[in-house]
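Student: One predicted model, sequence on top.
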Amino acid sequence: MSEPAREGAFEPRIVAFFCNWCTYTAADLAGISRMQYAPNVRVIRLMCSGRLDPQFVLAAFREGADGVLIGGCHPGDCHYQEGNVNALRRVELLRRMLGDLGIEEGRLRLEWISAAEGDKVQRVCNEMTEQVRALGPLRLAPGPVPVLQTEGREAR
Amino acid sequence: MREPEGGRRVPPDSPNGGPKIGVYVCHCGLNIAGKVDVGAVVEFAASLPHVTVARDSKFMCSDPGQELIQQDLRDGLVNRVVVASCSPLMHEATFRRATAAGGESPSHFQMASIREHVAWVTANGDDATEKAKALVAGAVRRVALHEVLEPRRSPVRPDVMVVGGGIAGIHAALTLADAGKHVYLVERETTIGGHMAKFDKTFPTLDCAACILTPKMSAVRAHPNITLWTYSDVVAVQGYAGDFRVRVRHRPRYVREDLCTGCLACIDACVHKQGKFEDEWNEGLSKRKPIYIPFPQATPPVVVVDRDACIWFKTGKCPRTCVEACERNAFDFEQTETYDEVDVGAIILATGYRTFDASRMPEYGYGLYPNVYTSLEVERLLNAAGPTGGEVVLRDGSRPRTVGIIHCVGSRDAKHNLWCSKVCCMYSLKLAHMVKERIGAEVYNFYIDMRTPGKGYEEFYDKVLREGVHMVRGRVAGVTDEAASPEEEGHLVIRAEDTLIGAVRRIPVDMVILAVGIEPQPDAQEVRRLFNVSCGSEGFFTERHPKLAPVSTFTDGVFLAGACQGPKDIPESVAQAGAAAAEALAMIDRGHVMLEASTAFIDDAACSGCKTCVGLCPFNAISFDEERKKASVNEVVCKGCGICVGACPSGAAQQHLFTDDEILSEIEGVLAYV
């Protein structure tokens, strides 16, 4: 159960990338089952966790996320055969880089959550929120942070 | 405002002009509005860049709700639409259609799920409102970049595959075949018929199961539009709705199906004079020979050789009297597995269920006491074609004088399966009636709750009560052969709390029948992966929507029928099979399916020719032009996962509706304001 936002208390903001077929559906199931969980996680739907570009994670941190959660199908269950394995490889590689940027490991989490596991969405979102809350707000070191080329988007 | 590079984009001078975004926030009655301050979200949305209209509606999915969108589009107030309501898996198609009906490209639409992902899961209203704002902002940011995508169609093949030849599969196959579609019916056992063929009578009408089922089985075999493959299984499925390629393995019977007439002379001639091997069809209550047919009306009526039991296969030394006895020369001991590959437009899964393994509840003594039976074993005992010719006798040949039927074995039990298996109350009443009728035994039913919803079901319960069947309300604690009194000597004793009189009772009986529940097939997980459908946590296949799309799955073109989707009785299985057949027919007769909009494409200019994407594509949709050193995506084959896009080092691979720019904008949006 989430607690009401306390005045002045740090409420982490977590961006989640959920695969359409498993974890996003599981989040729907959590909703249908009225499972209450921390309001800190903002879900972005991808068709497959294999669509995850590591730069999405960096962009989320750059734009102010305190944590990033990635949810895909269990290994062997990928709707597209093994996109989730690609996601795993990318996340592992990225994890090593984050340390160099001064981003604690606990701010990035990859979970396999099947369409049937609404309760796991609830648990993981709650755990992640508490973990990131304990880490405190993300403070990126000044200096160049890897950004995606912004051409084509700067006009907004 | 610049449009993103690549893809089929709107030229800047298009009549649609730059983005004018309409945001429509749904109350969903009180489902959303009970938690989220809809007014505050509308006000917030109105303040976002490019948003020209922000409105709310009690029910956006209703006609008036959709009309709001269409009117604004027609009035030129908006050219892109964001609906903040339920999950896109629920109503994305609805609102895309509404957008198209208003004259705008359906791809100029984005949904924000503020019901499933916000209102229903958030305890605090203020938190919910803030989260809803963040999701709306993400959707607004990304929809501004959405391209115009032409809906693409793909033709549908007219043939259908039905997997599983129980009553559901049979009914679906016959319905489609009667409509003129060619059906491949694949059954892994040696005969079709499934569980229903094992039953003697069916509730509540007490129709003889064989009398109503076997004509349908024969009809399947005789139907010119049905190719029946028994002793076969599906080993691979490729393709997509409208165009699946399915690979089927046929296991060897060592008897040629095209020659065997089902005369059964070979069985009589077998060197084994008596059956020696467990007869699976009779639940192990009788023995069969190495060459056998499961039951007289097996379809096809073709014998099969059990390779593990046959002396010829085991030793290579056997006079093979079976071969001599065959006038048709149908034997072929050299048979091996063969394969067929067929192209079909739709697939119906009717793979059925298994019954709960009663030995998992040792307190009921199954496997320990010979006179404890499962309900399926008793179905065989009652069946005139069964091991005792329809006689209800115990293993020692004697007739039981008292019979106890224990309900809910494996069902409604936190230790085993939580669900109600739905059919056990009714079949237990049926067994009580049949046993009483056949041998006049005293019958006790031990039940937790009596569940008889169905046409004629409660009336049947009433009839059985009036016949004098005893009812004890309470879960049975155990079955024992330890007598506590002289009258219990030589009997099994059922110990149960009778909750209606508030006492623990011990009832001595001669025969115990365990009403075992319904479980998913043991290989449901493998089958699920094969056909790319999902299972609930208990292992039954998941329908697309529990109420409104009960026979569809999340994989277009794959439909469900019967108990593979959840416990069902025969009428329900047949009804669902008819529905699945109708859905498949609708798809075939429409002649086309809409293809995935979110396919990948490659920006030729940016492609460095590294080929990273080529090997990653699970569907071989990416080809490489060696001369130009450029990759390109075949959009008909592409299923829109975006794996290549995530991996492309130069950003040349992109995915419609999930371009880097669109996703990055959504990331910015969900973080920029709240």
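Tutor: Received it, and whenever you're ready, just let me know what you need. Numbers count the residues shown, from 1 in each chain, chains lettered A, B, ... in the order given.
Student: packing partners for the helix or strand of chain A with the lowest mean pLDDT?
Tutor: For chain A, the helix or strand with the lowest mean confidence is helix A:83-100, at a mean of 91 (criterion: mean pLDDT, DSSP states H and E). Using 3 or more C-beta pairs under 8 Å, 6 or more residues apart in numbering or on different chains; DSSP states H and E as the contact test, the elements touching helix A:83-100 are helix A:54-62, strand A:67-72, strand A:108-112, helix B:643-647. (Each C-beta comes from the backbone N, C-alpha and C, glycine too.)
Student: and residue B:112, what is it in contact with?
Tutor: B:82, B:83, B:84, B:85, B:132, B:135, B:136, B:138, B:139 (C-beta atoms under 8 Å, 6 or more residues apart in numbering or on different chains).
Student: re earlier: between helix A:54-62 and the least confident helix or strand of chain A, find me the angle.
Tutor: Using axes from the mean of the first three to the mean of the last three C-alpha atoms, to 10 degrees, the direction of helix A:83-100 lies 50 degrees away from that of helix A:54-62.
Student: Not counting its own residues, what contacts helix A:83-100?
Tutor: So helix A:83-100 is in contact with A:19, A:48-54, A:57-58, A:70, A:72-75, A:77-78, A:104-105, A:107-108, A:110, A:112, B:616, B:618, B:641-643, B:646-647, going by C-beta under 8 Å, 6+ apart.
Student: and the end-to-end length of stretch A:76-89?
Tutor: One end of stretch A:76-89 sits 15 Å from the other (C-alpha to C-alpha, to the nearest Å).
Student: Quick check: buried residues in stretch B:464-484?
Tutor: Buried positions in stretch B:464-484, judged by neighbour count with 16 or more other C-beta atoms under 10 Å in any protein chain shown: B:464, B:469, B:471, B:472, B:473, B:474, B:476, B:479, B:480, B:481.
Student: same deal with stretch A:15-35?
Tutor: Those buried within stretch A:15-35 under the rule 16+ other C-beta under 10 Å are A:15-32, A:35.
Student: mean confidence for that stretch?
Tutor: Throughout stretch A:15-35, pLDDT has a mean value of 95.
Student: so how far is that stretch off the chain centroid?
Tutor: 13 Å (C-alpha atoms, centre = their mean, to the nearest Å).
Student: pLDDT wise, what is residue B:2 at?
Tutor: At residue B:2, pLDDT is 33.
Student: would you list every one of the helices in chain A?
Tutor: A:23-32, A:54-62, A:83-100, A:118-135 (DSSP state H).
Student: And the second one, what does it pack against?
Tutor: The one in question is helix A:54-62. For helix A:54-62, the elements it packs on are strand A:67-72, helix A:83-100, helix B:660-672, judged by 3+ C-beta pairs under 8 Å, 6+ apart.
Student: if we can go back for a sec, switch the buried residues of stretch B:464-484 over to a markdown table; also include distance to residue A:126 and secondary structure.
Tutor: Rendered in a markdown table, the data for the buried residues of stretch B:464-484 read as follows (distance: C-beta to C-beta, whole Å; DSSP: H, G, I helix; E, B strand; the rest coil):
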| residue | distance to residue A:126 | secondary structure |
| --- | --- | --- |
| B:464 | 50 | helix |
| B:469 | 51 | coil |
| B:471 | 46 | strand |
| B:472 | 45 | strand |
| B:473 | 41 | strand |
| B:474 | 40 | coil |
| B:476 | 40 | strand |
| B:479 | 44 | strand |
| B:480 | 46 | strand |
| B:481 | 51 | coil |
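Student: where's residue B:68 relative to chain A, distance?
Tutor: 24 Å (C-beta to the nearest C-beta, to the nearest Å).
Student: hang on, that residue packs against residue B:58?
Tutor: No. With contact defined as C-beta atoms under 8 Å, residue B:68 does not reach residue B:58; the gap is 10.9 Å.
Student: which of the two has more neighbours?
Tutor: Each of residue B:68 and residue B:58 has its neighbours counted (other C-beta atoms under 10 Å in any protein chain shown); residue B:68 has more, 21 against 14.
Student: Just the CA coordinates for the helix or strand where the more buried one lies, please, in PDB.
Tutor: For residue B:68, the host element (DSSP states H and E) is helix B:63-74. Output of helix B:63-74 as PDB, limited to C-alpha atoms (Å, rounded to 0.1, in the frame of the first residue of the first chain):
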ATOM      1  CA  ASP B  63     -21.400   6.900 -28.700                       C
ATOM      2  CA  PRO B  64     -21.600  10.500 -27.300                       C
ATOM      3  CA  GLY B  65     -18.000  10.200 -26.000                       C
ATOM      4  CA  GLN B  66     -16.700   9.100 -29.400                       C
ATOM      5  CA  GLU B  67     -18.900  11.700 -31.100                       C
ATOM      6  CA  LEU B  68     -17.000  14.400 -29.000                       C
ATOM      7  CA  ILE B  69     -13.800  13.300 -30.800                       C
ATOM      8  CA  GLN B  70     -15.300  13.100 -34.200                       C
ATOM      9  CA  GLN B  71     -17.000  16.500 -34.000                       C
ATOM     10  CA  ASP B  72     -13.800  18.200 -32.900                       C
ATOM     11  CA  LEU B  73     -12.000  16.500 -35.800                       C
ATOM     12  CA  ARG B  74     -14.700  17.500 -38.300                       C
END
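Student: That one: which residues count as buried?
Tutor: B:65, B:66, B:68, B:69, B:70, B:72, B:73.
Student: One more: stretch B:91-104?
Tutor: B:91, B:92, B:94, B:95, B:96, B:98, B:99, B:100, B:102, B:104.
Student: and what of stretch B:615-622?
Tutor: Across stretch B:615-622, burial judged by 16+ other C-beta under 10 Å covers B:616, B:617, B:618, B:619, B:621, B:622.
Student: Sounds good, over and out.
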